[in-house]
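A.B. asks: My questions are about this predicted structure, shown below with the sequence.
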Amino acid sequence: MTAPFIQMPTAVSILMATALLITGATAPRLCADEVTDAKDVLAKHSLTKSGPVWQLPVEVEAVKSFAKLAELEKKHNELGKKYLTVKQQSIEARKVFDQTYEEYKKLHDLLENPAASPAHKQQIVGPHNQRVAIINKIRPLIVELEGSVENAEYQKAALDYMKARHELTLALLKLKEALPKLTEQYQELKANEEVTTALKTLGASQRLGPAKAYKLDPRKSAALETQLLGNTVPLLHGKLGPSFSVMVNERGGMLVTYRSNLDFSFFQTDELAEVGIKPDENAQRLIFDTGEAKLECLLVKVPQIRLGKYVLTDVDAAALPPQGKSLGNVLGKKAIAGFEFDRDLKNYTITFTKPSEDPPPPPAKGAKKK
C-alpha cells in the first residue's frame, strides 16, 4: 500500500502566507486616488452620499422635506388646538353671558314695573340677584379670553401656525412632484457603465438610491392632502377681521381677508416680492381711496393663488405701497367669482366650493331617487 502524497509547503508559499497574516490583507486595497476618482464620477452625475446610498438631489430634498413633516405637523396641530380651545371658550362664555343678560333684563324690567305686585317682586329678587352675580363673574372672563385671542403673543402663535401650515403644504407639494421622477432617473443611472463602475470601486456596500427607509406612507400622504389641499382652510381672527391662508405661486403663504365690497384684490408689495412678483414701475396705476388716504397702487398679475385644493390663475391685483401696510392683503370679488364659501365660526374654518367644478354631494341616506 502506497502512502498518500503530501506536498510540503515551499519557502515562497510560506513567505506569502506570513505576509498576508502580518498585513491582514484579504483583497487588494484601493488607493486614495481611486476612491477620489470614483466619488468625482458620482458627483458629476449629481449624486450625494447618505450612508451607503448615493442619492439624486430630488430625493435628498424630498427626504429633508419629509423629515420636516412630522415636526411641522406637530407644531401646526398644537397651535391650532390652542387657538380653537381659546376661541371656543370665548364663544361659550359669550353665549352664557348673552343668555344670562337677557334673563336679567326681563327680571329687572319686572322689578322696575310699577304695576307688578310687591309679592311678585319679592319672588324674583333672588333669581335677579343670581343673574347679576353670574354676569359679574363672566364679564372679566370674557375680556380675558378675548384678550388672549387678540393679544400680540397669541397673534404671533397664530401666525406661526399659519407659517407651519405653509411650510407643510410646500413640503407636500414638493414630495408629490418629486416622487414620480425618482424611479425613472435611477433606472437611467443603473444603466450607466461609468456610474456602476464607480460604485463597484467604492465597495459592495455602496449602492444607488432610492434609500430603503424613504417611503411616503400613502395613508399619511392622503391624510395630509385632505388636511392641507382640501377645500377647508383655517380662519384666524385678527384686527382686520377673519383672515385665511392662501399659497401664492407655490412659493409662500399669505394671510388674506375677503372683502365683498371690493372688486379688486390688493396685496402688500413686500409680500409679493417674497413670492417672486415685482410690480413694473411702468404698469397701469390704480388709486385706492381708503377713506383716510388715497393710495397709488401699481397693477400686477398674480400667476397663481391656491385656496386649498383650488388654484386661481392670473389674478389681477394692485400692489399696495408701504403707506397701506395696515390694510393687510385683500381678496376681492373678481378673484373668487363663482365660488361659494361657508364660515364655521365654531371651529373657525372657512370652506370653499365651486359648483361649476365640484360634483354634487351624494344623496342623504334613505333619500328617494327622483
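C.D. replies: Sure thing, it's come through. Keep in mind the model is a prediction, meaning the values are calculated, not measured. Numbers count the residues shown, from 1 in each chain.
A.B. asks: what's in contact with the host helix or strand of residue 197?
C.D. replies: Residue 197 is part of helix 193-202 when elements are defined by DSSP states H and E. For helix 193-202, contacts defined as C-beta atoms under 8 Å, 6 or more residues apart in numbering pick out 30, 34-35, 37-39, 41-42, 45, 47, 54, 189-190, 206-208. In this view, the C-beta of every residue, glycine as well, is placed from N, C-alpha and C.
A.B. asks: Check which residues of it are buried.
C.D. replies: Judged by neighbour count using 16 or more other C-beta atoms under 10 Å, the buried positions of helix 193-202 are 195, 198, 199, 201, 202.
A.B. asks: Tell me the spacing between the third one and residue 163.
C.D. replies: Between residue 199 and residue 163 the computed distance is 41 Å (C-beta to C-beta, to the nearest Å).
A.B. asks: and if you look at residue 100?
C.D. replies: Using C-beta to C-beta, we find residue 100 at a distance of 39 Å from residue 163.
A.B. asks: In contact with residue 253, which residues?
C.D. replies: Counted by C-beta under 8 Å, 6+ apart, residue 253 has contacts 162, 163, 165, 166, 169, 245, 246, 247.
A.B. asks: and those residues, which of them are in strands?
C.D. replies: 245, 246, 247 (DSSP state E).
A.B. asks: Lowest pLDDT pick from those residues?
C.D. replies: Least confident entry in the ones in strands among the contacts of residue 253, by pLDDT: residue 245, with 83.
A.B. asks: and the nearest residue to it once chain neighbours are set aside, how many neighbours?
C.D. replies: Leaving aside its sequence neighbours, residue 245 sits nearest to residue 162 (C-beta to C-beta, 6 or more residues apart in numbering; 5.0 Å). Look at residue 162: counted by other C-beta atoms under 10 Å, it has 21 neighbours.
A.B. asks: May I ask you to confirm that residue 162 is in contact with residue 236?
C.D. replies: Yes - proximity of residue 162 to residue 236 meets the contact threshold set by C-beta atoms under 8 Å, at 6.7 Å.
A.B. asks: where do the contact lists of those two overlap?
C.D. replies: Jointly contacting residue 162 and residue 236 under the rule C-beta under 8 Å, 6+ apart are 245, 255.
A.B. asks: what's the spacing between residue 284 and residue 74?
C.D. replies: Here the criterion is C-beta to C-beta. By it, residue 284 lies 46 Å from residue 74.
A.B. asks: coming back round to it: so which of the contacts of helix 193-202 wins on neighbours?
C.D. replies: Among the contacts of helix 193-202, the one with the most neighbours (other C-beta under 10 Å) is residue 54, at 26 neighbours.
A.B. asks: where's that residue relative to residue 211, distance?
C.D. replies: Going from residue 54 to residue 211 by C-beta to C-beta gives 10 Å.
A.B. asks: And for residue 290?
C.D. replies: 54 Å.
A.B. asks: Does residue 231 touch residue 306 like I think?
C.D. replies: No - using C-beta under 8 Å, residue 231 is not in contact with residue 306, being 11.3 Å away.
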